[in-house]
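S.K.: Starting from these lines, generate the structure:
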Amino acid sequence: MKVHFIAIGGSIMHGLAISLKKKGYIVSGSDDKFFSPSKENLKAENLLPDEGWFPEKIENNLNFIILGMHAKIDNPELIEAQRKKIKIYSFPEYIAKESKNKKRIVIAGSHGKTTITSMIMHILKDNNLKFDYVVGAKISGFDSMVNLSKNKIIIIEGDEYLSSKLDKRPKFLHYMPNILILSGIAWDHINVFPTRKSYTNVFIKLLKTINSSCKIFYSNNDVELKKIVKFSSAPSESYGLPSYSISNQKFHIKSDNFKYKLSVFGKHNLYNIEAARKVCNSLGVSNDSFFSSISSFSGAKNRLELLRFFNKTSNVYRDFAHSPSKVKASVEALKDLFPKRNLVACLELYTFSSLNLKFISYYKDVFKKSDDVWIFYSPKEIKRKGLSFFSKKDILKEISHPNIKVIDTKVELINCINQNVWLNSNLLLMSSGDFQNINFMNLSIH
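M.R.: Below you'll find the model as predicted:
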């Protein structure tokens, strides 16, 4: 089989390309820009092409093409593929095709998807169960973010974002789960879903389209989920917080008179653990085996990850949180773990939603448990995304907190970190971006 990837540099796209090469497919691809780690991963597999689009790569003998979301509708390779009438799949469409004869476990929701997916993967691997997977981040113990083989089970992180410029269906509508996790609904992606109702309706559509034989597990702390789960004919069961305690800067779960120390922390992760347990129980993993294995789960990359120590009493954490619900959960998790430490919560406004002044008001009350708030954004990024300009004062009007700084340059943020007194304090860095490539490991703290 010969396959070409248009926009091969994407985080999951390049993982699928590598997976198909390992299956024996002849794989090629193109992209206009490559970033780490996909650049290094593709190079290691001799799949890294020159940057740019090359219509001559669209040869008549291609069996099919996989189109990434990054590729625009006027992409010259896409136009050539359409002219030659070569079969074109979006990424989720192809995953659905390859997994139609497998038991499909899909993890959906506005938050926690990657963590729940990676928890399940960790538990199944630890208990010697074979499975395929699709996950949105690098997971410790796994070489790739995608694995397709002859395994009978597949674990899929299913997001609500659109599949490709040709395929406007949300990704999770492709997968037709046998087991579905719904972690919660919190409006995001306002460039795609302009209203809260339009966003919620996507999840209602998912519930309406799944087979009645599917088993649904949903979080009991989400009011919206409780309202919409009735739209499905499939049986559903809620999950909540397990019994837990906090001691010696660690979260512990109690089960059957045993106490299990966790490597992750925060109430949101306790909900994530319960979601993963429901799935693993359904796949034959006992509670004893589950809790023994979850103790060693260290988390997905950039999910409340300990980045460095400033000193003996101050740490730096990196988190992918960007939407209001995720920011609130991460802030509360770190404050619950270190209640006596000063918490500096630093959020980079980077997504289309967060760089829209009308949406910024949804961050109004999410920082209540932080002692200091730093909001970092780039006016250049606002311009690059074609959004309406706003000022520091505009942000200060929208977010309620007594100790807030708004920072709009890289140099200013570095100065804020260097000049702050890091004594019994934690810095929480939250963004789906990269803080303009600041190397936080090399900052000199006095």
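S.K.: Where does pLDDT dip in this structure?
M.R.: By pLDDT under 70, the weakly predicted segments of the chain are 446.
S.K.: Name the SS class of A345, please.
M.R.: strand (DSSP: H, G, I helix; E, B strand; the rest coil).
S.K.: ignore the last one, D336
M.R.: helix.
S.K.: For the residue nearest to the spatial centre of the chain, identify the helix or strand it belongs to.
M.R.: For the chain, T114 is the residue whose C-alpha lies nearest the centre (Cα atoms, centre = their mean; 4.9 Å). Using DSSP states H and E, T114 sits within helix 113-126.
S.K.: Go ahead and measure how far the helix or strand following that helix is from the middle of the chain.
M.R.: Of the helices and strands lying after helix 113-126 in sequence (DSSP H and E), the nearest is strand 132-134. Remark: strand 132-134 is offset 15 Å from the chain centroid, using Cα atoms, centre = their mean, to the nearest Å.
S.K.: Run through the helices of the stretch 101-250 of the chain in chain order.
M.R.: Per DSSP state H, counting those that start in this stretch, the stretch 101-250 of the chain carries helices over the ranges 113-126, 196-209, 223-228.
S.K.: Buried deepest among the ones you listed, which one?
M.R.: Highest mean neighbour count among the helices of the stretch 101-250 of the chain (mean count of other Cβ atoms under 10 Å): helix 113-126, with a mean of 25. Bear in mind the C-beta positions are built from the backbone N, C-alpha and C, glycine included.
S.K.: Show me what that helix is packed up against.
M.R.: If you count contacts as 3 or more Cβ pairs under 8 Å, 6 or more residues apart in numbering; DSSP states H and E, helix 113-126 packs onto strand 103-108, strand 153-157, helix 267-282, helix 287-294.
S.K.: buried set for the helix or strand where V316 lies?
M.R.: Taking DSSP H and E as the criterion, V316 maps to strand 314-319. Residues 314-319 are the ones in strand 314-319 that count as buried (16 or more other Cβ atoms under 10 Å).
S.K.: sorry, back to before: now render the helices and strands packed on helix 113-126 as CSV, adding distance to K97.
M.R.: Shown next, in CSV, are the helices and strands packed on helix 113-126 (distance: least, Cβ to Cβ, whole Å):
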stretch, distance to K97
strand 103-108, 12
strand 153-157, 12
helix 267-282, 23
helix 287-294, 31
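S.K.: and the ones you listed as TSV, adding mean neighbour count and distance to N403?
M.R.: Conversion of those to TSV gives the following (neighbours: other Cβ atoms under 10 Å; distance: least, Cβ to Cβ, whole Å):
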stretch	mean neighbour count	distance to N403
strand 103-108	26	36
strand 153-157	24	36
helix 267-282	23	24
helix 287-294	18	36
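S.K.: what's the closest of those to P339?
M.R.: Among the helices and strands packed on helix 113-126, helix 267-282 comes nearest to P339, with 13.4 Å by Cβ to Cβ.
S.K.: Give me the contacts around the closest one.
M.R.: 105, 107, 111-112, 115-116, 119-120, 123-124, 127, 179, 181, 183, 215, 217, 219, 221, 237, 239-242, 244, 251, 253, 262, 264, 287, 290, 294, 304, 329-330, 332-333, 336 (Cβ atoms under 8 Å, 6 or more residues apart in numbering).
S.K.: Put the buried members of these into a PyMOL selection.
M.R.: Command for PyMOL that selects the buried part of the contacts of helix 267-282, burial taken from 16+ other Cβ under 10 Å:
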select buried, resi 105+107+111+112+115+116+119+120+123+124+127+179+181+183+215+217+219+239+244+251+253+262+264+290+294+304+329+330+332+333
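S.K.: which ones are touching the spatially most distant residue from the centre of the chain?
M.R.: Ranking residues of the chain by C-alpha distance from their mean position (Cα atoms, centre = their mean) puts N60 at the top, at 36.3 Å. Shown in contact with N60 (Cβ under 8 Å, 6+ apart): 84, 86.
S.K.: if I look at the nearest residue to K138 once chain neighbours are set aside, how far off is M13?
M.R.: Of all residues not flanking K138 in the chain, K301 sits nearest, at 4.8 Å (Cβ to Cβ, 6 or more residues apart in numbering). Using Cβ to Cβ, to the nearest Å, one obtains 18 Å as the distance from K301 to M13.
S.K.: Between those two, point out the one with more neighbours.
M.R.: M13 (25 against 15; other Cβ atoms under 10 Å).
S.K.: What about the residue nearest to the more buried one when sequence neighbours are not counted, how many residues nearby?
M.R.: Among residues not flanking M13 along the chain, G68 sits closest, at 4.5 Å (Cβ to Cβ, 6+ apart). G68: 26 surrounding residues under other Cβ under 10 Å.
S.K.: Surely G68 and L162 touch.
M.R.: No: G68 is beyond contact range of L162, at 11.6 Å (criterion: Cβ atoms under 8 Å).
S.K.: Overlap in contacts, the two.
M.R.: With Cβ under 8 Å, 6+ apart, G68 and L162 have no common neighbours.
S.K.: related to what we said a few turns ago, I'd like the helices of the stretch 101-250 of the chain as TSV, with distance to F258 appended.
M.R.: Formatted as TSV, the helices of the stretch 101-250 of the chain follow (distance: least, Cβ to Cβ, whole Å):
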stretch	distance to F258
helix 113-126	17
helix 196-209	36
helix 223-228	30
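S.K.: Tell me which of those sits nearest to K364.
M.R.: Taking the helices of the stretch 101-250 of the chain one by one with Cβ to Cβ, helix 196-209 is closest: 15.4 Å.
S.K.: and that closest one with strand 103-108, angle?
M.R.: 170 degrees (axes from the mean of the first three to the mean of the last three Cα atoms, to 10 degrees).
S.K.: Show which residues not belonging to stretch 299-315 make contact with it.
M.R.: 114-115, 118, 135, 137-140, 263-266, 269, 316-320, 330, 333-334, 341, 422-427, 429, 440-441, 445.
S.K.: try stretch 78-88
M.R.: Contacts of stretch 78-88 (Cβ under 8 Å, 6+ apart): 4, 6, 55, 58, 60, 62-67, 71, 165-166.
S.K.: If you count neighbours, what's buried in it?
M.R.: Quick answer for stretch 78-88 (16+ other Cβ under 10 Å): 78, 80-81, 86, 88.
S.K.: my guess is V316 meets M430, correct?
M.R.: No: the criterion here is Cβ under 8 Å, and V316 misses it with M430 at 11.9 Å.
S.K.: Now do the shared contacts for those two.
M.R.: With Cβ under 8 Å, 6+ apart as the test, V316 and M430 reach no residue in common.
S.K.: List the contacts of Y133.
M.R.: So Y133 contacts 117, 121, 142, 146-147, 154-156 (Cβ under 8 Å, 6+ apart).
S.K.: again, but for L173
M.R.: Per Cβ under 8 Å, 6+ apart, neighbours of L173: 205-206, 209.
S.K.: Closest to T409 out of those?
M.R.: Nearest member of the contacts of L173 to T409, counting by Cβ to Cβ, is L206, at 41.5 Å.
S.K.: Doesn't I417 lie inside a strand?
M.R.: No: counting by three-state DSSP, I417 falls outside a strand, being helix.
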